[in-house]
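any chance you can model this:
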Amino acid sequence: MQPKKKSDRLLHWTAVWTVLAGFLLSTGCENGHSEQPAGPPPVPEVAVVTIAPQSVLLTTELPGRTCAFRVAEIRPQVSGLIQKRLFTEGADVNAGDVLYQIDPAPFEAALANAEAALAKAKANIPAIRAKAERYRKLASTNAISQQDYDDVAAALRQAEAEVAYCKASVKTARINLGYTRITAPISGRIGISTVTDGAMVTAYQAQELTTIQQIDPVNVDMAWSAAELQRLRRRLEAGHLKRKEEGSQTVNLLLDDGTPYPLEGTLQVRDVTVDPTTGSVTLRAVFANPDSILLPGMFVRAIVREGIAEQAILAPQQGVSRNPKGEPLALVVDKTGKAALRILTLDRAVGNQWLVTSGLAPGDRLIVEGMLNVRPGMAVKAVPFEEGKANANWGAVREPGTR
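Okay, the predicted model is just below:
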């Protein structure tokens, strides 16, 4: 009887487990029928800017140094002793102002000696001229020999030459006397004197006595790449750029601390020689400097106006990235509403935008926000980008129909 009890108990538990499994299975099926079917994949939302051509003034920023418009190194033209310095160091002087006085006594004496020699030479002229006239008449009647007359005529010419020589000596002595007053050849600001009263100087010595610099106006020398100049010339010839003004070009300045200089300058000179070490050409602009803000030797940044690009394509810098090769890339929304990859060619930065020469066309919708969750070929929802209203959720995956 005991084996029968065991089999009955086994059948009982088998029936229990069968019922329980059926219950769980039916419950799972009911729950499965209650779930909604899966919908389409979510679409990321991106902010776009529609590319449109516009007129842009293109400029180039060049490093430059200021230099005086004119520089005069003051040196003595005669040797002598400096009696007096007649200027204030660092002050403005005018052309013709006396700067130094050299002791004039030796030169006054030399002038007096030359004048006396001239007077002596002139005193001999009347007697010799009268004698020559008498000999000419006597020679015409053969009263004297022709040789006697020739000797007197030669003496007259020699006396006249002596007078001319003495006149030149007087002029030279007078000029040297004038050189004892060393004057300013130009107007400008005078520097520090290298000599004091009582110093001995020599004519045309190597060491200058002082220097005068004219700094109103002032020159600004800039270095521009020869290759960039050739590129600019080609763009102007092709009509891609147009000059705003005819004739001379205007130039703006930034001081070494970034402060704009209030006055505009004019581009005056372009050197004809390329520096072989740097491959650059020197440009020179002239700026008015009435308040002496610009001093010789200052470092500045010159902004040269190249011309106007009337059909320029500008792209916000935040919408341009780079691949591992350094090539600029951008994502645009094509006509089918999908993201498309573009490889760009950039010219330069214009403010917070890039000047694009290839890769974008008018009408393209450039993605500027929400690029992190977007891949090329992915469907996206494009909305207009609003400056200053950046949304932290750009690029987030949104359910269809949500906003």
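
need the longest helix for this protein.
Assignment by DSSP state H gives helix 105-140 as the longest helix of the chain.

buried stuff in it?
For helix 105-140, the buried set under the neighbour-count rule, 16 or more other Cβ atoms under 10 Å, comprises 106-107, 110-111, 114-115, 117-118, 121, 124, 128, 132, 135, 139. Placement of C-beta: from N, CA and C, glycine included.

tabulate those in TSV, adding columns for pLDDT.
Below are these laid out as TSV (pLDDT from 0 to 100):
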residue	pLDDT
106	95
107	96
110	96
111	96
114	95
115	95
117	94
118	94
121	92
124	88
128	88
132	86
135	82
139	82
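
what's the closest of those to residue 215?
Of all these, residue 215 sits closest to residue 107, with 34.4 Å by Cβ to Cβ.

which non-adjacent residue is nearest that closest one?
Nearest residue to residue 107, sequence neighbours excluded (Cβ to Cβ, 6 or more residues apart in numbering): residue 177, at 4.1 Å.

residue 189 reaches residue 211, doesn't it?
No: using Cβ atoms under 8 Å, residue 189 makes no contact with residue 211, being 9.4 Å away.

tell me who's in contact with the closest residue in space to residue 278 that isn't next to it in sequence.
Excluding the flanking residues, the one nearest residue 278 by Cβ to Cβ, 6+ apart is residue 223, at 6.6 Å. Contact analysis of residue 223 by Cβ atoms under 8 Å, 6 or more residues apart in numbering lists 62, 63, 64, 275, 278, 280, 281, 282, 283.

got a list of what the second one touches?
What it means is residue 63. Residue 63 makes contact with 222, 223, 299, 300, 301, 302 under the criterion Cβ under 8 Å, 6+ apart.

same check, this time on the last one
Taking Cβ under 8 Å, 6+ apart as the definition of contact, the neighbours of residue 283 are 62, 221, 222, 223, 224, 267, 269, 270, 271, 304.

pretty sure the first one belongs to a helix, no?
No: read with DSSP: H, G, I helix; E, B strand; the rest coil, residue 62 is strand and lies in no helix.

if it is in a bridge, with which residues?
Under DSSP bridges, the beta-bridge partners of residue 62 are residue 302.

ok, the residue nearest to residue 60 when sequence neighbours are not counted to residue 263 distance?
Nearest residue to residue 60, sequence neighbours excluded (Cβ to Cβ, 6+ apart): residue 304, at 5.0 Å. According to Cβ to Cβ, to the nearest Å, residue 304 stands 16 Å off from residue 263.

neighbour count winner among these two?
More crowded of residue 304 and residue 263, by other Cβ atoms under 10 Å: residue 304, with 21 against 15.

right, and the more buried one touches residue 222 too?
Yes: Residue 304 is within contact range of residue 222, at 7.3 Å (criterion: Cβ under 8 Å).

circling back: helix, strand or coil for the residue nearest to residue 278?
Following three-state DSSP, the label given to residue 223 is strand.

so what sits opposite it in the bridge?
Going by DSSP bridges, residue 223 forms beta bridges with residue 282.

report pLDDT for residue 387.
In this prediction, residue 387 carries a pLDDT score of 72.

that should have said residue 239, apologies.
Looking at residue 239, its pLDDT reads 66.

over to the one 5 residues further on?
Among the per-residue scores, residue 244 holds a pLDDT of 61.

list the buried residues in the strand or helix carrying residue 356.
Following DSSP states H and E, the helix or strand that holds residue 356 is strand 353-358. By neighbour count on 16+ other Cβ under 10 Å, the buried set for strand 353-358 is 353, 354, 355, 356.

of those, which is the nearest to residue 344?
Closest approach to residue 344 among these (Cβ to Cβ): residue 356, at 5.5 Å.

which ones are touching the closest one?
For residue 356, the contact set (Cβ under 8 Å, 6+ apart) comprises 313, 314, 315, 344, 345, 346, 347.

now render these as a markdown table, adding secondary structure.
Output for these, formatted as a markdown table (three-state DSSP):
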| residue | secondary structure |
| --- | --- |
| 313 | strand |
| 314 | strand |
| 315 | strand |
| 344 | coil |
| 345 | strand |
| 346 | strand |
| 347 | strand |
